[in-house]
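> following is a predicted model, sequence given first.
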Amino acid sequence: MSGRADSPQQAPVYPWLEAPWRSLLGARLGARLSHALLISGAGGLGKRALAQRLGQALLCARPGPGGEACHSCPACHLFQAGTHPDFVLVEPAEPGKAILVDQVRTLCAELALKSHGGRYKVAVLQPAERMNLAAANSLLKTLEEPTDNTVLILVAEQPSQLPATVRSRCQTIAVRPPEPALAQKWLTKRLPSGSDSALLLRLARGGPLRALEMAERDLVAQRQRRLEEFQAVHSGRSDPLALAADWARDAELEPLYWVQDWIQDMIRICTNGQRLAASGSQEAKVLERMAESIDCQQLFVRLDQVSEALRLSATGVNRQLMLEDLLLAWAPAP
Ligand SMILES: [Zn+2]
């Protein structure tokens, strides 16, 4: 299967996703597939590809004996063209925004109709934790009283942010990061020679696809620059409000995730004097310097602050004001 993994026409199964993929196919063949699935796991593991692949397999008119899509029937062609009428994808209108109640209502109405192809109706909702409360409530009824042959696939990086009422009605498929050796082997094949795949994987928290994206978008250099800006605010050399305005323009709020990493690393440094995995790197040097000047208890408070900001960022909060609050706390007292 890995030989076909990079075909642009189909969602790949990455080697580390073989196990969850096999268990999904097994559930399908044994007619044990839940009508609501929650695919959870860190970013950059291919959860969306897994959801897509399952969707195609369910809609395929001539699935193989293992339950895999054939990739050649009319249903597969429609799916691959993104126009299968029994497949619905629900995402925020813009990256970083919430999934709104109207989007979920439209989805539920669509799922209540009979399938066009006489098979399943499949919906993928991603990232599911971006549903606001009204949207999640609206989904509950469909989860409680599913229509026949509908499969709803929620994809979530932070499933704990979903209401428990939604989570409890889904069968969870937890996707875990691959062993570092496997991830590094996969990544090294796809990067220009001389790339530091170990560092990329560490920065991507073990997610190989995320690591690849970081390499392609040169995010390592960007992250280093962001850390220098962050340190400049901390040492009083730079204006936190100006930096907040700049960071708020990042659609994915990447700097906020990085601040979360940095605080966690500083906590490691100051609680047990632990050396960082990439000690000796420019990033580790800056963080060791910053950690010396902050009280450890304060770092835990700041970490909570960032988690709360990340939670709020899905709710349509004013991002610039949120970042201003956060960065002002890091600036020296006047
Ligand atoms: Zn097919």
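Structure's in. What do you need?

> who's in contact with residue 111?
Each residue near residue 111 by C-beta atoms under 8 Å, 6 or more residues apart in numbering is listed here: 88, 121, 123, 142, 146-147, 150, 152. Backbone N, C-alpha and C define where each C-beta goes, glycine included.

> so of these, which ones are in strands?
88, 121, 123, 150, 152 (DSSP state E).

> closest one of those residues to residue 64?
residue 121 (21.6 Å; C-beta to C-beta).

> and the closest one, how many neighbours?
Using other C-beta atoms under 10 Å, residue 121 has 24 other residues around it.

> what ranges do the strands span in the stretch 151-300 of the chain?
For the stretch 151-300 of the chain, applying DSSP state E, counting those that start in this stretch gives strands covering 171-174.

> which pLDDT value does the model give the residue in it positioned nearest to the ion?
Residue nearest to the ion within the stretch 151-300 of the chain (C-beta to the ion): residue 151, separated by 16.3 Å. Note on residue 151: pLDDT of 95.

> let me see the contact set for the residue lying closest to it once chain neighbours are set aside.
The shortest distance from residue 151 to any non-neighbouring residue, by C-beta to C-beta, 6 or more residues apart in numbering, is to residue 122 (5.0 Å). With contact set as C-beta under 8 Å, 6+ apart, residue 122 has these partners: 54-55, 58-59, 86-88, 150-153.

> partner residues bridging residue 122?
In this entry, residue 122 is beta-bridged to residue 87, residue 151, by DSSP bridges.

> distance check, it against residue 59.
6 Å (C-beta to C-beta, to the nearest Å).

> and residue 124, by the same measure?
12 Å.

> between these two, which has more neighbouring residues?
Using other C-beta under 10 Å as the criterion, residue 124 and residue 59 rank with residue 59 on top: 26 against 22.

> just say helix, strand or coil for the residue most central in space within the chain.
In the chain, the C-alpha nearest the mean C-alpha coordinate belongs to residue 43, at 3.7 Å (C-alpha atoms, centre = their mean). Three-state assignment for residue 43 (DSSP: H, G, I helix; E, B strand; the rest coil): coil.
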